[in-house]
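1. Return atomic coordinates for the entry below.
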Amino acid sequence: MAIVKNAVKQRLRDGKIAAGFGISRLRSAEIPQIAEACGFHWVFVDLEHTTMDLDEAGQVCAAALKTNATAIVRVPEGDITRATRILDAGAQGVVFPHVNTVEEAKAFVAACKYPPVGSRSMSYGGPQLEYEAVPPNEAMEGGNAETLLVMMIETPTAVENAAAIAAVDGVDCLLVGGSDLSATMGIPGQYQNADFVASIDKVIAAAQGAGVWPGLGGVYDEKLLPGFVEKGMKFLLGGSDMSFLMAGGKARGKFFKSLD
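-> This is a model prediction of the structure:
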């Protein structure tokens, strides 16, 4: 009996990229299998910008444990209550949006990590333990090791504090929210702007300097993404279910229109 391993953490340790399949509209425990079949490495369960509730999200997370598509959940800003509850339900990682300070990062780590790293309350025999009564010390150690904690960098202030945030014990990843960062910089959607690129470079350097992984979301242009990956981005948001449905649906609609 062993604690379920976090496949995304292992990919990142191996130096590989990890691409996420975002959920914005779909509500099904089949999603992790679908994401894996499509070639994605993790499921981005978004509780910040959707109406999905914890019960639905928890079912997706539990189902993901039997796949190689790791379930990682973004909670609303500062919401440690949802964070700890979704971890108990089966999530193997949490994304905290709008992290600007070291103090915030420390509070989020403390809430999501068991002692001695943090102060997360014990929950026995859950899905990550395959419902077995694992000894407490093993459950805490394994839970800490297999939980991925992601801090989103979405403002110029966060960029300036990126090195200090990355250095917080327990932080695994700095994820640049490209949409919000560019917007707060006054250059919304300008992902080739020199100032935006310089901010990306600063976050990558901060993450690598602290031995954590840099990531990027909001930038989905296939002409731009390779350049950011070459710079060192590893943890990537790959798009959402709605964008995939719209792209596939429009392509098929165009085909039928050609037959009209």
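2. can you give me the helices in the stretch 51-200 of the chain?
-> 54-64, 80-89, 102-112, 136-146, 156-160, 162-166, 178-184, 194-210 (DSSP state H, counting those that start in this stretch).
3. Low-confidence stretches in the chain?
-> 1 (pLDDT under 70).
4. that older thread, in JSON lines: the helices of the stretch 51-200 of the chain, plus distance to Val73.
-> The C-beta positions use only the backbone N, C-alpha and C, and glycine is treated the same way. Conversion of those to JSON lines gives the following (distance: least, C-beta to C-beta, whole Å):
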{"stretch": "helix 54-64", "distance to Val73": "6"}
{"stretch": "helix 80-89", "distance to Val73": "5"}
{"stretch": "helix 102-112", "distance to Val73": "11"}
{"stretch": "helix 136-146", "distance to Val73": "14"}
{"stretch": "helix 156-160", "distance to Val73": "20"}
{"stretch": "helix 162-166", "distance to Val73": "20"}
{"stretch": "helix 178-184", "distance to Val73": "18"}
{"stretch": "helix 194-210", "distance to Val73": "21"}
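5. so which of these gets nearest Lys250?
-> helix 178-184 (21.8 Å; C-beta to C-beta).
6. So which bits of the closest one are buried?
-> Within helix 178-184, the residues scored as buried using 16 or more other C-beta atoms under 10 Å are Gly178, Asp180, Leu181, Ser182, Ala183, Thr184.
7. Work out the gap between it and the centre of the chain.
-> In terms of C-alpha atoms, centre = their mean, to the nearest Å, the centre of helix 178-184 is found 17 Å from the chain centre.
8. Can you show me the CA trace of that helix as PDB?
-> In PDB, the C-alpha atoms belonging to helix 178-184 read as follows (Å, rounded to 0.1, in the frame of the first residue of the first chain):
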ATOM      1  CA  GLY A 178      -0.500  36.000 -18.500                       C
ATOM      2  CA  SER A 179      -3.900  37.600 -19.000                       C
ATOM      3  CA  ASP A 180      -4.100  39.300 -15.600                       C
ATOM      4  CA  LEU A 181      -0.400  40.200 -15.500                       C
ATOM      5  CA  SER A 182      -0.500  41.900 -18.900                       C
ATOM      6  CA  ALA A 183      -3.700  43.600 -17.900                       C
ATOM      7  CA  THR A 184      -2.300  45.000 -14.600                       C
END
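9. ok, and what's touching it?
-> 98, 153-156, 158-159, 188-191, 193, 196, 199, 216-219 (C-beta atoms under 8 Å, 6 or more residues apart in numbering).
10. what's the span of stretch 235-248 from first residue to last?
-> 25 Å (C-alpha to C-alpha, to the nearest Å).
11. List the neighbours of that stretch that are in contact with it.
-> Applying C-beta under 8 Å, 6+ apart, the contact partners of stretch 235-248 are 8, 12, 17-26, 31, 40, 44, 46, 150, 173, 175, 213-218, 220, 225, 229.
12. Which parts of that stretch count as buried, going by neighbours?
-> Neighbour-count burial for stretch 235-248 [16+ other C-beta under 10 Å]: Phe235, Leu236, Leu237, Gly238, Gly239, Ser240, Asp241, Phe244.
13. Please tabulate those residues in CSV, including the columns distance to Arg74 and secondary structure.
-> Below are the buried residues of stretch 235-248 laid out as CSV (distance: C-beta to C-beta, whole Å; DSSP: H, G, I helix; E, B strand; the rest coil):
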residue, distance to Arg74, secondary structure
Phe235, 13, strand
Leu236, 14, strand
Leu237, 10, strand
Gly238, 14, strand
Gly239, 15, strand
Ser240, 12, strand
Asp241, 14, helix
Phe244, 18, helix
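14. now, among those residues, which is nearest to Glu56?
-> The shortest approach to Glu56 among these belongs to Asp241, at 13.4 Å (C-beta to C-beta).
15. How much space separates the closest one from Ala63?
-> 15 Å (C-beta to C-beta, to the nearest Å).
16. coming back round to it: can I get the buried residues of helix 178-184 in CSV with distance to Ala167?
-> Shown next, in CSV, are the buried residues of helix 178-184 (distance: C-beta to C-beta, whole Å):
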residue, distance to Ala167
Gly178, 23
Asp180, 23
Leu181, 20
Ser182, 25
Ala183, 27
Thr184, 23
